[in-house]
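K.L.:
any chance you can model this:
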Amino acid sequence: MLSNTTDVRSFQYYAAGAWRDAAGGQVFSVHEPYTGQVYAEVAACGPDDARLAVQAAAEAFPAWSDTTPWRTRPLLPQGRRDRQEAPDRNRRDTRARNR
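P.N.:
Residues are numbered from 1 along each chain as shown. Below is the predicted model:
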C-alpha cells in the first residue's frame, strides 16, 4: 500500500569545511519519480556559493598536493564506501516511503 505522506529531506552543500545553505537561501525540489511527490529540497547554489567552493579548494590544494599518498590513502576508502552505499540507502528510503 502506498502512503500519501512523505518526509521532505533537506540537503546542504559542503564547502570550506562546513555544510552550508545556499547564500541566497534558495532550494530546488527533488521529486520521487514514482509518485511525483517532493522527496527532498537541495541547496540551490549560485555564483557566490561557487566562488566560495572554488576559493576553498584552491586554498586546500597546496597542502593536499604536498601530502604523501601514504597519508591520504586512509582518507579515500571512506569516500568510496559512502558513494557505493548511497544508491542502496536511496533504494531503502524509497521502498520505506512507498509502503
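
K.L.:
ok, which stretches of the chain are strands?
P.N.:
Using DSSP state E, the strands of the chain run over 9-11, 13-15, 18-20, 27-31, 38-43.

K.L.:
just those: most buried one?
P.N.:
Most buried of the strands of the chain, by mean neighbour count (mean count of other C-beta atoms under 10 Å): strand 38-43, with a mean of 17. For glycine as for every other residue, the C-beta is placed from the backbone atoms N, C-alpha and C.

K.L.:
dump the C-alpha coordinates for that one into CSV.
P.N.:
What follows is strand 38-43 as a C-alpha-only set of coordinates in CSV (Å, rounded to 0.1, in the frame of the first residue of the first chain):
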residue,chain,number,x,y,z
VAL,A,38,8.7,16.1,-3.4
TYR,A,39,11.3,13.9,-1.8
ALA,A,40,13.9,16.4,-0.9
GLU,A,41,14.9,20.1,-1.0
VAL,A,42,18.5,20.8,-2.0
ALA,A,43,20.5,23.9,-1.7
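
K.L.:
that older thread, and of the strands of the chain, who's closest to Ala53?
P.N.:
With C-beta to C-beta as the measure, strand 13-15 is the member of those nearest Ala53 (4.0 Å).

K.L.:
now stretch 15-32, how far from the centre of its chain.
P.N.:
9 Å (C-alpha atoms, centre = their mean, to the nearest Å).

K.L.:
mean confidence for that stretch?
P.N.:
Averaged over stretch 15-32, pLDDT sits at 93.

K.L.:
and Arg73, which of the strands of the chain is closest to it?
P.N.:
Comparing the strands of the chain by C-beta to C-beta, strand 13-15 comes nearest, at 21.4 Å.

K.L.:
ok, and what's touching that closest one?
P.N.:
Contacts to strand 13-15, defined as C-beta atoms under 8 Å, 6 or more residues apart in numbering, come from residues Trp19, Arg20, Ala22, Ala43, Cys45, Asp49, Leu52, Ala53, Ala56.
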